[in-house]
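J.: generate a structure from the sequence data that follows.
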Amino acid sequence: ERHVPDPPGTSSIHTEQDVPKFTDYFRKLFQSRTASAQPPNILSLDNEPPRLSEADRTTLQRPPSLGELDAVVKNAKRDTAPGPDGLPYGFYKTFWPDLRLYFLRLVQSLFDNPVWPPSFTESFITLIPKPASRPDDPSTWRPISLLNCDYKLVAAVLSRRVRDVLEEVIHPAQVCSVPGRSMYSSLSVIRDLFSYTISRSADGIVLSLDQQKAFDCVNHGYLLAVLQHYAFPSDFIDIIG
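T.: You can find the predicted model right below:
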């Protein structure tokens, strides 16, 4: 028998049959979807999309600086779980004065020749139970990928650069994940719409949508097509692609 961890406060032993059931479920979930040879239809709805300025494009594709790496190492949480290589952020924070110049050369070489080391694409996937999850139902567990911290440091530099240009290409109506925007703006709009319809005895509909397993089902080909649509530099797309 194999033990499948249960939510806090519960305990049960599951048979060997649970192992392939969980494995098959998440293999299908993460399986690559075949992208269409045609551009995604949704992109054709925006014939004149906002595009990055040349200055932003230059910033995105320049090699990382030592200052950028110092900043992401400083902000990294020391005690987070490591990836397959077993080296947590605490290792990099402790030995960073000795590692920083070597790490800088490594990262800059990736920008000159965007071929990621094999270890950058490796991870351990662990399952975290959602509230009120069923221990024997894999769909009620949240998969967490434990990536190597050297990769996450490089990704953090790229993420910060993208964060700084999001406001240029994302419509003001979207407030999630854009620095300087707040969900309270959307709440104010909803409140005003309620007030408007009530004052005029008008009909209205409130529609709330949620996409199942949204982050687990991202089509990478579509994501890269969106970046190209908004004029992200091809060198930058190659690095993250």
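
J.: so, low pLDDT: which residues of the chain?
T.: The chain contains residues with pLDDT under 70 at 1-17, 32-47.

J.: ok, 50 please
T.: Confidence mapping of the chain against pLDDT under 50 gives the ranges 1-13, 35, 37.

J.: can you pull out the strands in it?
T.: 123-129, 141-147 (DSSP state E).

J.: give me the residue at the spatial middle of the protein.
T.: Residue closest to the average C-alpha location in the chain (Cα atoms, centre = their mean): residue 215, at 7.3 Å.

J.: and it, how far from residue 88?
T.: 23 Å (Cβ to Cβ, to the nearest Å). C-betas here are computed from N, CA, C, even on glycine.

J.: then residue 232?
T.: Where residue 88 is concerned, residue 232 sits at a distance of 32 Å (Cβ to Cβ).

J.: which of those two has more residues huddled nearby?
T.: residue 232 (22 against 18; other Cβ atoms under 10 Å).

J.: isn't the more buried one up against residue 58?
T.: No. Assessed by Cβ atoms under 8 Å, residue 232 is found out of contact with residue 58, at 11.9 Å.

J.: need the residues touching each of those two.
T.: Common contacts of residue 232 and residue 58 (Cβ atoms under 8 Å, 6 or more residues apart in numbering): none found.

J.: tell me the contacts of residue 195?
T.: Counting by Cβ under 8 Å, 6+ apart, residue 195 has no contacts.

J.: ah, wrong one, I meant residue 202
T.: residue 196.

J.: and for residue 124?
T.: Counted by Cβ under 8 Å, 6+ apart, residue 124 has contacts 83-84, 145-146.

J.: make JSON lines out of those and add distance to residue 26 and neighbour count.
T.: Output for the contacts of residue 124, formatted as JSON lines (distance: Cβ to Cβ, whole Å; neighbours: other Cβ atoms under 10 Å):
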{"residue": "83", "distance to residue 26": "18", "neighbour count": "20"}
{"residue": "84", "distance to residue 26": "17", "neighbour count": "12"}
{"residue": "145", "distance to residue 26": "11", "neighbour count": "12"}
{"residue": "146", "distance to residue 26": "14", "neighbour count": "16"}
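
J.: pull the most distant pair out of those.
T.: Farthest apart among these by Cβ to Cβ are 84 and 145. That separation is 10.6 Å.

J.: other SSEs contacting the longest helix anywhere in the chain?
T.: In the chain, with assignment by DSSP state H, the single longest helix is helix 89-112. On a contact count with 3 or more Cβ pairs under 8 Å, 6 or more residues apart in numbering; DSSP states H and E, helix 89-112 meets helix 66-75, helix 149-169, helix 234-240.
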